[in-house]
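Q: take a look and give me a structure for this.
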Amino acid sequence: MRSPSRRGPHRGSPPAGRARRGPKPDAAPPPEPAEQWIFGIHPVREALESGRHLAVVWRAREVGDARVNEVTRLAESLGAAVVRVPRERLDQVARGRGHQGIAAQASPVALLTLDEALVETAGERDRLWLMLDGITDEGNAGSLVRSAAALGASAILIPAAGGVRPHAGLARCSSGAIDRVSWIRLSHPAEQLSQLRQQRFRLLGGVVTGGRGPVDGDRRGDRVLILGSEERGIRPPIDAILDVRLSIQTRPAMPSLNVAAAGAILLSWLAGPAPGTSRPRRADSPGEPVT
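A: Predicted coordinates for the structure are as follows:
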């Protein structure tokens, strides 16, 4: 901790480590840890459009990008405080992360308990949730969150110990998709997943080998798709309670996919329309007219 400075005027440049007195060009708050921020044009726009509360939006004065201007106008129209700062201030907050001239200080993403999530979704049918069991790579996790949001999974389950968290880095890697899904924190993953089985959720584990391919029945009912890390896979206590193990058949020359690609394929299948469901009628087909 820095010792208090003495009062009184100083001649010449201020001593090293002491800020120069006088008004600052912008009434901007001091930089905060990067984990509290969202960086980049698309992630900030996604956060705004999703209705997430943003405490402040910073945009670099030197940037004239039309897309930055568009996001700035959107932020102002939604009542978010917009502060124009030197680009070096953004660089300081981003700490090496790409910001494209715009960043937002966001309220933390809410982490639900399992009981809270079950109450909130009690009226939903065919729930599809995704569990990231010990996945720590932000790139893979961000791709999976984006695939989940795009393909119909409504919640991401994460263990309380180990794995990624919904912070600024993951917002960037997921192109802002962390605000499109609910987040459920499991304090005792194996025990709470067993609780879900008692509520008629099926536990589907993605494995490299030894599993079967998806079948039509996997598209119905409440389900949790569980994906483990590329190094260790699904942890044994969770693997032991799986209802189904799913594998993707690949060609011998490329025996496996990374977890982000495999997860996207499985999510695409599981979230697809179940056979026998009605489809929109073509306008030129017989029957009732399409309006």
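
Q: how about the contacts made by the residue nearest to Asp133 when sequence neighbours are not counted?
A: Sequence neighbours aside, Gly228 is the residue nearest to Asp133 in space, at 4.6 Å (criterion: C-beta to C-beta, 6 or more residues apart in numbering). Glycine gets a C-beta too; all of them are placed from N, C-alpha and C. Residues near Gly228 by C-beta atoms under 8 Å, 6 or more residues apart in numbering: Asp133, Gly134, Ile135, Gly205, Gly206, Ile234, Arg235, Ile238, Val259.

Q: kindly report the same for Arg197.
A: Contacts of Arg197 (C-beta under 8 Å, 6+ apart): Leu203, Ile241, Asp243.

Q: neighbour-wise, which one of these leads?
A: In terms of neighbours by other C-beta atoms under 10 Å, the contacts of Arg197 top out with Leu203 at 21 neighbours.

Q: bridging across strands, which residues link to that one?
A: Beta-bridge partners of Leu203, counted by DSSP bridges, are Val224.

Q: next one: it from Val68, what distance?
A: 44 Å (C-beta to C-beta, to the nearest Å).

Q: before we move on, what about Cys173?
A: For Cys173, the distance to Val68 - C-beta to C-beta - is 20 Å.

Q: please identify which of the two sits among more neighbours.
A: Cys173 (23 against 17).

Q: doesn't Ser143 make contact with the more buried one?
A: Yes - the criterion here is C-beta atoms under 8 Å, and Cys173 meets it with Ser143 at 7.1 Å.

Q: strands of the stretch 51-200 of the chain, start to end?
A: 54-60, 82-85, 102-106, 111-112, 128-133, 155-159, 182-186 (DSSP state E, counting those that start in this stretch).

Q: worst-scoring helix or strand of this structure, pLDDT-wise?
A: The weakest-scoring helix or strand in the chain, judged by mean pLDDT, DSSP states H and E, is helix 168-173 (a mean of 79).

Q: how about that helix as PDB, C-alpha atoms only?
A: C-alpha atoms of helix 168-173 as PDB (Å, rounded to 0.1, in the frame of the first residue of the first chain):
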ATOM      1  CA  ALA A 168     -15.100 -11.000 -19.800                       C
ATOM      2  CA  GLY A 169     -12.700 -13.400 -21.400                       C
ATOM      3  CA  LEU A 170     -15.400 -15.900 -22.000                       C
ATOM      4  CA  ALA A 171     -17.700 -13.200 -23.300                       C
ATOM      5  CA  ARG A 172     -15.200 -12.400 -25.900                       C
ATOM      6  CA  CYS A 173     -14.600 -16.000 -26.900                       C
END
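
Q: run the chain-centre distance for it.
A: Put simply, helix 168-173 sits 7 Å off its chain's centre (C-alpha atoms, centre = their mean, to the nearest Å).

Q: check stretch 165-175 too.
A: 5 Å.

Q: can you pull the buried residues of stretch 229-249?
A: 229-230, 233-235, 238-239, 241-242, 244-248 (16 or more other C-beta atoms under 10 Å).

Q: tell me the pLDDT at Pro275?
A: As predicted, Pro275 sits at a pLDDT of 49.

Q: go on, Ala75?
A: 89.

Q: who is the spatially closest residue to it that is not a sequence neighbour paired with across the strands?
A: Nearest residue to Ala75, sequence neighbours excluded (C-beta to C-beta, 6+ apart): Val57, at 4.4 Å. Under DSSP bridges, the beta-bridge partners of Val57 are Val82, Ala104.

Q: what about Val57, neighbour count?
A: 25.

Q: same check on His167?
A: 19.

Q: distance of the closest residue to Val109 other than its chain neighbours relative to His99?
A: The shortest distance from Val109 to any non-neighbouring residue, by C-beta to C-beta, 6+ apart, is to Pro166 (4.1 Å). From Pro166 over to His99 the distance is 18 Å, taken as C-beta to C-beta.

Q: and these two? which has more neighbours close in?
A: Counted by other C-beta under 10 Å, Pro166 and His99 do not tie: His99 has more neighbours, with 25 against 22.

Q: residue contacts, that one?
A: Phe39, Gly40, Ala60, Leu90, Asp91, Val93.

Q: tell me the confidence at it?
A: 89.

Q: now tabulate the strands of the stretch 51-200 of the chain in a markdown table and tack on mean pLDDT and distance to Arg219.
A: Formatted as a markdown table, the strands of the stretch 51-200 of the chain follow (pLDDT from 0 to 100; distance: least, C-beta to C-beta, whole Å):
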| stretch | mean pLDDT | distance to Arg219 |
| --- | --- | --- |
| strand 54-60 | 86 | 37 |
| strand 82-85 | 89 | 44 |
| strand 102-106 | 88 | 34 |
| strand 111-112 | 92 | 25 |
| strand 128-133 | 97 | 9 |
| strand 155-159 | 95 | 17 |
| strand 182-186 | 95 | 21 |
